[in-house]
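Engineer: Okay, here's the prediction I keep looking at, along with the sequence it came from:
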Amino acid sequence: MQKTILKQQYENFPASRSKGLDKTYDRFQKLISQLEIHGKVISQEDENLKLLRSLPSDRNNIALIMRKKSDLDTLSMDDLYNNLKVYESEIKGKSSSNSQNVGQASSLTYADDVMFSFFANQSNNPQWKLLQMPWLFKMG
């Protein structure tokens, strides 16, 4: 019975905008731990995706960038949380200058990852292949 209730809580896990990322992460970690105690093992990628999907709508851009990362299946929950904290502090503009420098470097990395992922995903798209053939569009 307890395992069923925990699975349901996991499936319907909401992040609360008012409680902030710290409390959301703590609640999620506790839920994952309780599931593991009851024998339910969830893959790292599923945990990460679930946490990202549960973020409030004002963090959709952050969640999208993070979901496009290729190492989401091996990225630990702590690392995901730390990356989210960097983005959160950048968005709020309340980070120290040192944190901003780390965050800006991090943002460039994630932005590069997103662009790379986009273009990599487009390589099998027939429309993208047409755009790579400029001779098709020559007039005259």
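Structural biologist: Okay, I see it.
Engineer: Just give me the neighbour total for residue 19.
Structural biologist: Counted with other CB atoms under 10 Å, residues neighbouring residue 19 total 13. From N, CA and C alone the C-beta is placed, and that goes for glycine too.
Engineer: make that residue 25, sorry
Structural biologist: Other residues close to residue 25 by other CB under 10 Å number 19.
Engineer: which residues does it contact?
Structural biologist: Under the criterion of CB atoms under 8 Å, 6 or more residues apart in numbering, the contact partners of residue 25 comprise 51, 77, 81, 84.
Engineer: and the first one, what does it touch?
Structural biologist: This points to residue 51. 13, 15, 24, 25, 28, 77, 80.
Engineer: Point me to the helix or strand that includes it.
Structural biologist: Element membership for residue 51 (DSSP states H and E) is helix 44-53.
Engineer: any idea which helix or strand comes after that helix?
Structural biologist: Moving on from helix 44-53 towards the C-terminus, the next helix or strand you reach (DSSP H and E) is helix 60-67.
Engineer: Do a quick rundown of the helices in this structure.
Structural biologist: Counting by DSSP state H, residue ranges of the helices within the chain are 2-11, 20-37, 44-53, 60-67, 77-92, 97-122, 126-131.
Engineer: tilt between the fifth one and helix 44-53?
Structural biologist: Yep, that's helix 77-92 we're talking about. Per axes from the mean of the first three to the mean of the last three CA atoms, to 10 degrees, the angle that helix 77-92 makes with helix 44-53 is 20 degrees.
Engineer: tell me the average confidence for helix 77-92?
Structural biologist: Throughout helix 77-92, pLDDT has a mean value of 83.
Engineer: That helix - contacts with which helices or strands?
Structural biologist: helix 20-37, helix 44-53, helix 60-67, helix 97-122 (3 or more CB pairs under 8 Å, 6 or more residues apart in numbering; DSSP states H and E).
Engineer: in it, what's buried?
Structural biologist: For helix 77-92, the buried set under the neighbour-count rule, 16 or more other CB atoms under 10 Å, comprises 80, 81, 83, 84, 85, 86, 87, 88, 89, 90.
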